[in-house]
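Enquirer: Give me a model of this one.
(chains A and B)
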Amino acid sequence: MKRIAGATALLLSLASIAAPVRAADPPSSAPELTAPRLTTSADPAYPAGATGDARVLCEVLVGVDGTVNEARVVPDPAAAAVASTVDFENAALAAVREYRFAPALRAGVPARARVRIVVQFTAPAPVAVETIAPAATPGTPSQIAAAIDEVRVRGSRYETRSVTERRLGRAEIRLLPGAFGDPFRAIDIMPGVIPTVSGLPYYYIRGAPPSSVGYFVDEVRVPYLFHFGLGPGVIHPALVNEVALHPAAYPARFGRFAGGVIAGETGEPSQTFRAESLIRLYDAGAFAEAPLLGGRANVALGGRYSYTGLLLSLFSPEADIHYQDYNARFSFKVNDRTRLTAFAFGAYDYASTTEQGKPEQVLFASEFHRVDLRLDHTTERSRSRVAVTLGLDRTRLEDTRFARDHILAVRGRHRVLASAALEVEAGADAFLDFYDGDKPSIYSVSRIDYAVQTSLYSARTDASSGAWLSALLRPGLGMEFTATARADVFTSAGKAAVGPSPRLAVRIPLHERVAALFALGVAQQPPAFAIPLPAVGYRGLPGGLSYAYQKSAGIELKLPLAFTANAIGFHHSYANFRDILQTRDNIDLDDIDFDSNGRGQAYGLELLLSRKLVKRVSAIVSYTLSRSELGSTRNRPAFTSLFDRTHVLQVASAVDLGRGWFASGRSVVYTGWPSLQRAARLPPFFRFDARLEKRWKWRKIGHLSLIFEALNATASKEVLSQECVQNVCKNQTIGPIVVPSVGVEGAL
Amino acid sequence: MSARCPLSFASFAAFAAFAAFATSCVPSTEELNPRGAAGFTLEPSSATRGEPFSTADGFVVTVDTFVLLATVYSNPVVAEGEASTGSGGGDYFLFSGRRPDSLWVPGVSVGRAELRVNLEGLFLESGYEPELPVVSSEVEAFLPRFLRAAELQRYAGDFSSDEGSESYESTVGPSALLAFRAEGQGRAYRADVTLASASFLFAEAPIVSVAENSLVTLPLYVRAEALFARAACAPPFCSRLPEDEEDAGREAAAGPFLFGPFAAADEDDDGILTSAELSRVRDEQGALFVEELVRRLDGVLTSGP
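Expert: Next up is the predicted model:
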């Protein structure tokens, strides 16, 4: 049965709601408003395993470029007659996000507009799709009247998307094997992301080490996004709407990281109650969100608790791993244009080993907490945000000694639609990091350790602040130019440095289905540890700032059968990069006398072919061909990065098998590291991840799923080094690192 | 996904409780091996501190500089046959014997620990950075002299391993630097010399009790005048052997020190004693005076007064 044909997107007119703001009947003092006009629609897929008819009322925000900036499901007055379920809603949202519009016009100037669209599903017999066909609809005002349920012109919660970013939505992430439904773990399928060790969520991005990758949640900087080792993300997946990877020329609001930015965005406050829970072999999590005060307010709570230790004790009693996290968000709509949000979240991680007869050795013991208070104000032509963030990072050093970082940060920005073709954003932010740490007794550790710890953990206040001006120009014909001028100032222990960070991103359509992409950027950052650790950083900006000079160009293609593809060539140069992972044999976090003249470069080609994983049969093919080189320093000649991988290929596919069964698999293969002993490389690595889900619906408003998932189902071992004796080399392997998961997921 | 059901207070209370349960602080309960420090506090003799002293042969000697290189070791004491699970080690010091400083080793496991001290010159190997000592600011200027002196003693050798043989160079430099003035018998002498490396171990290492995050020290007596000791050896380095009891009594009454052997090294009669001159002086039986000086270094650092 062709279930896709069984879906109907029905665009209804509810004149009584829309009338007050219709162009034909504008308020006397308001400028004339022309509603968005649908130009391109997409077929919604009838969900596999679903039965019966359904209708979903979607609210979408149409941007000034005619794309759908935001889509969500809203309560449907007709829901009592034909209810929807999460499957229908996901399918409806996936479809309407592909819609294209001629933007709304206010006084002749393009403006954002919010419209409501009803997507109706009829089953089981195939039914002709009643969407407005692109060929028939462009510029047909009568059909617009039928298409638009309600028009509300307002600012977008989400930012204009960067032409260089790579973004994954939750629906796709959920089906990606090996990601365990976790948005932040799914980012490693993107091209340009080079894994260090299979399964570990620490990546090299276009040759830049993990220490130079910035992690953000709703623009709030966090020290890490993943729990220790193979753990899941630190934000409950239900709260995360999308995750974006910005490998170069980041949006203006992101700075102070030279190697890329991974940014998660939480979803809009829901107008209906929703809840999710997941119980797995090694952890359990829950999330709930509900509107309050008649919809003016919204509260969301979520968290996760691991009992990994219980599982580990069965076969590895010397190991102990715990992680926990919590998320709480309260949102209050002060008026139609102003929203106040308080978002608190945090995470805790603990890992240790205990050898027989010896004291417990802590491998990692850290936590972070954030409270972000923000005020968003939107008008027809502008959007402003001011926010203040309080934070506490803590890492245990030894015994009862900790390193601490109390954080006070403020940020503000104002984005305005200056004309039909020009958006301008100005903003500034400032961070104060109040570092301190418990120093050991001078008598209890070696003199070198004491000197290092005194240097690292003496109380100090580091300040970093930035300001930017960014302009997005859309001169027509689909062209986009985003130019950003940004600079940051860093101070630490009496040292100061200024880092300019100009950026330019360009998108030029070459054909109806082909566009060229270009990006140039300069990014800088202060010295950082190889692996981000909460509250641990270098004092006094030793060696000065590190710089990345980012250049990339490529094309994006829209292919038949809903496939999209892009090919990006890049060349990134790195200067003054103190990557202490220049040698795999010496990953020493205490090394404060590192080489400060590190230069490097990375270049290559990234290919991405995808068909959204929410389709019945979907796929992602990601391939990176790259070379990462470290330049010569006073101590050594130039050489290929010891973490370089020439080829990284990933192929993922998901299939809706019907009757509530979903299966997906992912193959990962990449080149081995360069050998330290020989001119050759270590053997390549291959693994296969698998996921199988059986879903049962419950009263048409919820579901219960049994999920089997495994990272590295092939139990492949990875070669990390070689040991050579008299020219006979033996591979040193790790693993196999296999992460099996059996989980029960319930949702309302 | 959306469900049309109202939120109950109980639901959110449950979630709030879950969130509170899931949130905790990094624990700090694991038991670590408690450690402290052990070492020596220098007790320089009055002669070492620069007070003039007289010799049996009529000289008055004043020590102006006395700088030493030494390693202090402290390790947990374990019963015979038991493996040590505690931590200890040694630290390398360049220090002035004229100041009552402390030389101590941190990170020693709490409990009984033994203390030792070795005079050790700088060990240089081609291709390797030398292990530099902990240097107090008062003697910082002397470190280059020790390095230069060590370089002069570099020698070549072969190093064999499973992967073949390769040549290398290494050296052990001097471990003491002595500057003094002497006047007597109508003459004046001065010297500023380094002395070859010597190894010194107490006959029995003293035992201390190390306490957590604390320093425990024993006195280490420094006697630069021991280099001028009058010992039972052949002239001219030492006093002649007493012929009878009466003669022995006269020798003892004359005092424990002799300057004569140093004066004998002044080949060019300029009153300045150089290392080269000292290295050529031999006794009546042909033994080198510098070798005697090395033996005398054993008496420079002692655990008892």
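
Enquirer: Is residue B:142 in a helix, a strand, or coil?
Expert: Secondary structure, DSSP: H, G, I helix; E, B strand; the rest coil: residue B:142 is helix.

Enquirer: The residue nearest to it when sequence neighbours are not counted: how many residues sit nearby?
Expert: Distances taken as Cβ to Cβ, 6 or more residues apart in numbering or on different chains place residue B:67 nearest to residue B:142, at 4.9 Å, with adjacent residues excluded. Every residue, glycine included, has its C-beta placed from N, CA and C. Neighbourhood size, residue B:67 [other Cβ atoms under 10 Å in any protein chain shown]: 24.

Enquirer: Same question for residue B:134.
Expert: 13.

Enquirer: residues in contact with the closest residue to it other than its chain neighbours?
Expert: In this structure, residue B:134 finds its nearest non-sequential neighbour in residue B:93, 5.1 Å apart by Cβ to Cβ, 6+ apart. Residue B:93 makes contact with B:68, B:69, B:70, B:71, B:72, B:103, B:133, B:134, B:135, B:136, according to Cβ atoms under 8 Å, 6 or more residues apart in numbering or on different chains.

Enquirer: partners of the strand or helix carrying the first one, with directions?
Expert: Yep, that's residue B:68 we're talking about. According to DSSP states H and E, residue B:68 maps onto strand B:59-76. With DSSP bridges as the test, strand B:59-76 is paired with strand B:53-54 (antiparallel), strand B:89-96 (antiparallel), strand B:111-119 (antiparallel), strand B:176-184 (antiparallel).

Enquirer: which ones are touching the closest residue to residue B:112 other than its chain neighbours?
Expert: Of all residues not flanking residue B:112 in the chain, residue B:77 sits nearest, at 4.2 Å (Cβ to Cβ, 6+ apart). Residue B:77 sits next to B:111, B:112, B:113, B:114, B:207 when contact means Cβ under 8 Å, 6+ apart.

Enquirer: swap the cut-off to 10 Å and go again
Expert: Residue B:77 makes contact with B:84, B:86, B:88, B:109, B:111, B:112, B:113, B:114, B:205, B:207, B:208, B:209, according to Cβ atoms under 10 Å, 6 or more residues apart in numbering or on different chains.

Enquirer: And these, which is closest to chain A?
Expert: When the contacts of residue B:77 are compared for distance to chain A (Cβ to the nearest Cβ), residue B:109 wins out at 10.1 Å.

Enquirer: What's the local residue count around the closest residue to the closest one other than its chain neighbours?
Expert: Leaving aside its sequence neighbours, residue B:109 sits nearest to residue B:86 (Cβ to Cβ, 6+ apart; 2.9 Å). By other Cβ under 10 Å, 19 other residues sit near residue B:86.

Enquirer: so how far is residue A:300 from residue B:86?
Expert: As defined by Cβ to Cβ, to the nearest Å, residue B:86 lies at a distance of 52 Å from residue A:300.

Enquirer: likewise residue B:286?
Expert: Residue B:286 is 95 Å from residue A:300, by Cβ to Cβ.

Enquirer: Would you map the strands across the stretch 151-300 of chain B?
Expert: Ranges of strands in the stretch 151-300 of chain B, per DSSP state E, counting those that start in this stretch, are B:155-161, B:164-172, B:176-184, B:187-195, B:207-210, B:215-222, B:272-273.

Enquirer: Can you give me the neighbour number for residue A:721?
Expert: If we define neighbours as other Cβ under 10 Å, then residue A:721 has 19 of them.

Enquirer: ok, and it, which helix or strand is that part of?
Expert: strand A:718-725.

Enquirer: repeat for residue A:44
Expert: Short version, using DSSP H and E: residue A:44 is in no helix or strand.

Enquirer: helix/strand/coil for the closest residue to it other than its chain neighbours?
Expert: What sits nearest to residue A:44 in space, not counting adjacent residues and going by Cβ to Cβ, 6+ apart, is residue A:95, at 3.6 Å. Classification of residue A:95 using three-state DSSP returns helix.

Enquirer: Return the residues in contact with residue A:194.
Expert: A:188, A:203-208, A:602, A:604, A:624, A:626, A:628, A:641, A:643-646, A:648, A:670-671.

Enquirer: again, only this time at 6 Å
Expert: Residue A:194 makes contact with A:204, A:645, A:648, according to Cβ atoms under 6 Å, 6 or more residues apart in numbering or on different chains.

Enquirer: near chain B, which residues of the stretch 251-400 of chain A?
Expert: Counting by Cβ under 6 Å from any Cβ of the partner chain, the residues of the stretch 251-400 of chain A close to chain B are A:272-274, A:286, A:288, A:290, A:301, A:303, A:305, A:324, A:326, A:359-360, A:365, A:367, A:394, A:396, A:399-400.

Enquirer: Mind listing what's buried along stretch B:97-117?
Expert: By neighbour count with 16 or more other Cβ atoms under 10 Å in any protein chain shown, stretch B:97-117 contains the buried residues B:97-98, B:101, B:103-110, B:113-117.

Enquirer: Surely residue A:75 forms part of a helix?
Expert: No: remark: residue A:75 does not belong to a helix; assigned using three-state DSSP, it is coil.

Enquirer: neighbours around it, how many?
Expert: With other Cβ under 10 Å as criterion, residue A:75 counts 13.

Enquirer: Quick check on it: phi, psi?
Expert: Here is the backbone geometry of residue A:75 (degrees, to the nearest 10): phi -60, psi 140.

Enquirer: ditto for residue A:63
Expert: phi -80, psi 170.

Enquirer: show me the contacts for residue A:381.
Expert: Applying Cβ under 6 Å, 6+ apart, the residues near residue A:381 are residue A:417.

Enquirer: quick one: it from chain B, how far?
Expert: 32 Å (Cβ to the nearest Cβ, to the nearest Å).

Enquirer: any idea how far that residue lies from residue A:424?
Expert: 11 Å.

Enquirer: now the contacts of residue B:77 as JSON lines including distance to residue B:192 and pLDDT?
Expert: Compiled in JSON lines, those are given as follows (distance: Cβ to Cβ, whole Å; pLDDT from 0 to 100):
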{"residue": "B:84", "distance to residue B:192": "43", "pLDDT": "65"}
{"residue": "B:86", "distance to residue B:192": "43", "pLDDT": "76"}
{"residue": "B:88", "distance to residue B:192": "37", "pLDDT": "84"}
{"residue": "B:109", "distance to residue B:192": "42", "pLDDT": "91"}
{"residue": "B:111", "distance to residue B:192": "44", "pLDDT": "90"}
{"residue": "B:112", "distance to residue B:192": "42", "pLDDT": "91"}
{"residue": "B:113", "distance to residue B:192": "37", "pLDDT": "92"}
{"residue": "B:114", "distance to residue B:192": "36", "pLDDT": "91"}
{"residue": "B:205", "distance to residue B:192": "33", "pLDDT": "83"}
{"residue": "B:207", "distance to residue B:192": "38", "pLDDT": "91"}
{"residue": "B:208", "distance to residue B:192": "36", "pLDDT": "93"}
{"residue": "B:209", "distance to residue B:192": "41", "pLDDT": "94"}
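
Enquirer: Pick the one among those residues closest to residue B:59.
Expert: Minimum distance to residue B:59 across the contacts of residue B:77 is 36.3 Å, recorded for residue B:205 (Cβ to Cβ).

Enquirer: Now the closest one: closest residue in space, sequence neighbours ignored.
Expert: According to Cβ to Cβ, 6+ apart, the nearest residue to residue B:205 is residue B:114 (4.0 Å).

Enquirer: about what we covered before: higher neighbour count, residue B:286 and residue A:300?
Expert: residue A:300 (23 against 7).

Enquirer: ok but the more buried one is inside a strand, no?
Expert: Yes: applying three-state DSSP, one finds residue A:300 inside a strand.

Enquirer: who are the neighbours in contact with it?
Expert: A:289, A:329.

Enquirer: Quickly find the element holding the residue positioned nearest the centre of chain A.
Expert: For chain A, the residue nearest the mean C-alpha position is residue A:243 (2.0 Å; Cα atoms, centre = their mean). Using DSSP H and E, the element containing residue A:243 is strand A:240-246.
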